[in-house]
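Q: Predicted coordinates and the sequence they were generated for:
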Protein chains: 2
Amino acid sequence: MFKSIEWCGDSVRFIDQTKLPLEETYIQSHDYRVIAEAIRKLKIRGAPLIGIASAYGVAVAAIHSGEKNYQSFSHEIQNVIKEFASTRPTAVNLFWALKRMENILSVPADIDAVIKSLTGEAVRIHREDEEMCRKIGENGQKLIPQSAVILTHCNTGALATGGEGTAQSVITTAYRLGKSIKVYADETRPLLQGARLTTWELMKLGIDVTLITDSMAAFLMQQKKIDLVITGSDRIAINGDAANKIGTYSLAVNAKHHGVPFYIAAPTSTIDPSIASGKNIPIEERHADEVVQGFGKRTAPDGVKVYSPAFDITPSTLITAIITDLKVYHPPFDFSRAPSSSFKV
Amino acid sequence: MFKSIEWCGDSVRFIDQTKLPLEETYIQSHDYRVIAEAIRKLKIRGAPLIGIASAYGVAVAAIHSGEKNYQSFSHEIQNVIKEFASTRPTAVNLFWALKRMENILSVPADIDAVIKSLTGEAVRIHREDEEMCRKIGENGQKLIPQSAVILTHCNTGALATGGEGTAQSVITTAYRLGKSIKVYADETRPLLQGARLTTWELMKLGIDVTLITDSMAAFLMQQKKIDLVITGSDRIAINGDAANKIGTYSLAVNAKHHGVPFYIAAPTSTIDPSIASGKNIPIEERHADEVVQGFGKRTAPDGVKVYSPAFDITPSTLITAIITDLKVYHPPFDFSRAPSSSFKV
């Protein structure tokens, strides 16, 4: 297959997701600014992956800092952490990973030892995510019937994570266990992660996938062609409300209307114990250009007003179950006592 | 403003809608095949407008036939009618207009007189549509509050009709009467009629319009930003089920879920008295290329499977009212005795 991100000792190598599916291009860099910019520009995307990439970015900055004084070093790396924290506001995995890096930095020690610890922590975040993907797949596949037509949105595969994905790991695990799986992939406007990335990954895996535009999903449900919907999430509140790629909420409303199960799959690092409900989750707005000239040529009049929220909030009442690496949660959801990760933070 | 279509005595002039909004290009032709191809390629689109264009196409073919024998002439024009009937399967206005032309052709007479009658009938279909648009606007604006944020889908304006539009005529009439109107326009994938055409028209009219991707509509409703949804229709069954551009059904389900009124606006020629319910309406499937490389560059892997229905069916149970040129119909709908047009067929 491919590796969405890879640690190369003192630099990071990642696939440029904006070039897919036409080109499989890799960028290798030991400049944390290149990594931060890649997250901003969605060359690196997917809630778990941006957590991993930002941790590697901090490690890279530490390795190449050159500072000999611990206070100056710590100050420099704190600023790097702040820069990564400003790249994307919605996915909590980013802040979770940065918090882990910050915790290490907050213990003054020999600079070389701190650099080693930071690097080790970043690699650990990556490996843990890989393992969480595996467990999400294992836990989630039990919800997939022996024969299922599955609708999914955006990209939740190896490209979005450090492992085999979140929602997509559920799909691939079920497939590998011999279940008969057919997938409909929403193209996911404006940036077409479904059309560009999900179809590309599923075709590589040999899984039967059909591309549709986002607005066709409801019509498929009306025709009883969909057995279940499964998506990822960028942040889950204590009450189970889940932020995810714009369009997820519309699918959830339609799933409810048609009696189709609607599942969220995400690592426990996606659960934000500081957020009571979805209305407290900040929603990133993206630039109008992604809507009006996303395909190489302008497709709306000059000066047109555009509203482009990158995410929406699906209330817990529309969610059949939340699949994590720890277990499958059923409503009513209450994550106030749930660990924010199955791994120590 | 502009004229979507114009009769020029022995030829037809129309705006090439696939070039909008970047270029305002007109095509003038006395070759009916150019007009049929323009309908197929969506250079001419919108249920009422393809009815008008096909009638003009038949008139153009009659004028330039050269046949002196009535039987040969009639046979030739019958074939032209068949060709137009094969261009798009869903919109009933096409078949309704062609039926009117066929009715004239079926009365043997002097060829020159028949040509004159056919031409007169095509012009009449156009003028009647213009008048129907006006009446739809008048009838529909009564449903629009003094201050309203309106969500619409696809294009239902002057570009889609021979007049000021269907759903859009309701919006513009309310606006002209001094109501405070703000419009959210769905971009309408795959062919972006909302992004390319609706925003272009509304901006020309000075109406406040904001573009969104189709999947954002539900999120706006959740935020209580939408007062009502209004769309056109390509065919309405006796029970009120309505076919319209793909994505309409998803909006209707979401409108129901959020308690937002959902209106259909269409001329009575859109009502098909031969169709009992929506499940009997044929749904056109479009080519995969419109989804995977609609805008200049390919956005999905080579060989990806695509499902692309051009329309969907909104069941009458989700429709708050159907606005026509004759009157506003409220549920339960029963068009078994309704005239298929306010004008004699």
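A: Yep, that arrived. Numbering: from 1, shown residues only, chains lettered A, B, ... in the order given.

Q: neighbours around the residue of the stretch 1-150 of chain A found nearest chain B, how many?
A: Of all residues in the stretch 1-150 of chain A, the one sitting closest to chain B is A:P21 (4.3 Å; CB to the nearest CB). (Glycine included, C-beta is placed from N, CA and C.) Residues near A:P21, counting by other CB atoms under 10 Å in any protein chain shown, number 22.

Q: Quick check: it touching B:G303?
A: No. Here A:P21 lies out of contact with B:G303, judged by CB atoms under 8 Å, at a distance of 10.6 Å.

Q: Would you map the helices across the stretch 101-250 of chain A?
A: Per DSSP state H, counting those that start in this stretch, the stretch 101-250 of chain A carries helices over the ranges A:111-141, A:167-176, A:193, A:199-205, A:217-222, A:248-258.

Q: what's near enough to touch the residue lying closest to A:L318 once chain neighbours are set aside?
A: Sequence neighbours aside, A:A252 is the residue nearest to A:L318 in space, at 4.0 Å (criterion: CB to CB, 6 or more residues apart in numbering or on different chains). A:A252 sits next to A:V229, A:F262, A:T314, A:L318, A:I319 when contact means CB atoms under 8 Å, 6 or more residues apart in numbering or on different chains.

Q: Looking at the helices of the stretch 101-250 of chain A, which is nearest to B:G165?
A: When the helices of the stretch 101-250 of chain A are compared by CB to CB, helix A:217-222 sits nearest B:G165, at 24.4 Å.

Q: domain assignment for chain A?
A: A:5-134, A:137-329 (automatic domain parsing).

Q: For the stretch 151-300 of chain A, which residues score under the pLDDT cut-off?
A: Residues of the stretch 151-300 of chain A meeting the criterion pLDDT under 70: none.

Q: now do 80
A: For the stretch 151-300 of chain A, applying pLDDT under 80 flags the ranges A:294-296.

Q: number of nearby residues for A:E285?
A: Neighbour count for A:E285, taken as other CB under 10 Å: 12.

Q: can you pull the contacts of it?
A: By CB under 8 Å, 6+ apart, A:E285 lies in contact with A:Y307, A:S308, A:P309, A:A310.

Q: List phi and psi for A:S74.
A: phi -60, psi -40 (degrees, to the nearest 10).

Q: tell me which parts of the stretch 51-200 of chain A are close to chain B?
A: Residues of the stretch 51-200 of chain A found near chain B (CB under 8 Å from any CB of the partner chain) are A:Y184, A:D186, A:E187, A:T188, A:R189, A:P190, A:L192, A:A195, A:R196, A:T199, A:W200.

Q: Not counting residues beside it along the chain, what's closest to the fourth one?
A: Nearest residue to A:T188 in three dimensions, chain neighbours excluded: A:G194, at 3.8 Å (CB to CB, 6+ apart).

Q: how far away is that neighbour from A:G51?
A: Distance from A:G194 to A:G51, counting by CB to CB, to the nearest Å: 22 Å.

Q: And A:S308, by the same measure?
A: Distance from A:S308 to A:G51, by CB to CB: 24 Å.

Q: Which one's more surrounded, these two?
A: Counted by other CB under 10 Å, A:S308 and A:G51 do not tie: A:G51 has more neighbours, with 28 against 21.

Q: How much space separates the more buried one from A:W7?
A: 14 Å.

Q: of all the domains of chain A, which gets the most neighbours per residue?
A: Mean neighbour count (mean count of other CB atoms under 10 Å in any protein chain shown) peaks for domain A:137-329 among the domains of chain A, with a mean of 22.
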